[in-house]
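Participant: Coordinates for the following, if possible.
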Amino acid sequence: MSELRADTLSLIDTATLWPQLHRLDTEAVAARGAGHLFVSSGLAATGLTRLPRIPRTSVLGVRGGLRYKGVVVARELAGGAGWEIVSTRLAQESDDPTLEALLVGAQKECTARGAHTLLVRYPEGSPHGGAFHRSGFTPHTLECLHTLPAAEGVDPTDKFRPATSRDRSGIFRLYCRVVPEHVRKREAATQQEWRSLLDSYECDQGFVAPGEDHPAIWIGGGEREGRILCDESARHLIQDALQLLGKLLDRGGVLVLPEYQPDIEREALELGCERLGTRLLCARRLAILNPLKEAQKVPVPGTVTY
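Facilitator: Numbering: from 1, shown residues only. Now for the predicted structure:
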């Protein structure tokens, strides 16, 4: 066991970290839109006002002398039940002891903040896979990244309507029907955990088929990624859903398809989408802290208290 330890960085430490970022040029986590939290955390540390709201974050670092050997950033997901590691940077290309110290430190910090689950995504075949496994992360889903199809003349209101808050329970039930049980147990066994998982998708727009009380298809699109959940009764809408995503993301993002949805991938390939790569999604279950109440003095009848 390595003696390295990751320490939570104070606001001052976080602010002074930025001049060293060019030395921390090895990213072990799959790059996603959440990487901007490094900058957001730095801006928050400066005390500037009128900044856009950012989720609660935690920054930890492993020091080697006056320099950092590695840093990790985790963010709180919606509902507070889950957190996600969004970035890990190392000073050396191969430094598993430092990476393990960062991952273990992030687990302890997120547990102390009330998290039940810690998510992380990293590229398939990564040389750092062993460090993730030794730190307690076990991959349970393979996410395939694809280009998006062209979407000329597609009207989003033609076959789909925007999802509302009343659709949340229905979309969760759709998730339970589509996703295999062994995957759901790892990433979102409850609706609260599903809320956190949905936040990790970074989809700020959602659509379902109109007129459905219990959606059979859900389309989610964000700044960089798009996703689809679809059960057997809505297979005929897959191509329309893919074209809608192509318009929402304007070919500037990627289509994310889990390995348990091969039918959607076949439709995507028929529309001219190309596979860009794959990444592994891991969920680490954390201990739930339930502190005991402090003991209180109880007077005993017949005794005198001084």
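
Participant: quick one: pLDDT of the residue nearest to residue 191 when sequence neighbours are not counted?
Facilitator: Among residues not flanking residue 191 along the chain, residue 172 sits closest, at 5.1 Å (Cβ to Cβ, 6 or more residues apart in numbering). The way it works is simple: take the backbone N, C-alpha and C, and place the C-beta from them, glycine included. The pLDDT attached to residue 172 in the predicted structure is 93.

Participant: Tell me where the stretch 1-150 of the chain has helices.
Facilitator: Applying DSSP state H, counting those that start in this stretch to the stretch 1-150 of the chain gives helices spanning 11-17, 37-46, 96-112, 129-134.

Participant: and those, which is most packed in?
Facilitator: Most buried of the helices of the stretch 1-150 of the chain, by mean neighbour count (mean count of other Cβ atoms under 10 Å): helix 96-112, with a mean of 22.

Participant: what's in contact with it?
Facilitator: Residues from elsewhere that reach helix 96-112, judged by Cβ atoms under 8 Å, 6 or more residues apart in numbering: 2, 4-8, 28, 58, 60-62, 69-72, 74, 83, 85, 88, 90-92, 118, 120, 128, 130-132, 134-137, 284, 286-287, 289.

Participant: show me where pLDDT drops low in the stretch 51-200 of the chain?
Facilitator: By pLDDT under 70, the low-scoring segments of the stretch 51-200 of the chain are 51-55, 151-157.

Participant: could you redo the last one with a cut-off of 50?
Facilitator: 51-53 (pLDDT under 50).

Participant: All the strands of it, in order from the start?
Facilitator: 57-64, 67-76, 82-90, 117-123, 139-146, 161-162 (DSSP state E, counting those that start in this stretch).

Participant: From the contacts of helix 96-112, keep the buried residues only.
Facilitator: For the contacts of helix 96-112, a burial check counting by 16 or more other Cβ atoms under 10 Å picks out 4, 6, 28, 58, 60-62, 69-72, 74, 83, 85, 88, 90-91, 118, 120, 128, 131-132, 135, 137, 284, 286.

Participant: circling back: make JSON lines from the helices of the stretch 1-150 of the chain and add distance to residue 278 to it.
Facilitator: JSON lines is the format used below for those (distance: least, Cβ to Cβ, whole Å):
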{"stretch": "helix 11-17", "distance to residue 278": "31"}
{"stretch": "helix 37-46", "distance to residue 278": "24"}
{"stretch": "helix 96-112", "distance to residue 278": "20"}
{"stretch": "helix 129-134", "distance to residue 278": "13"}
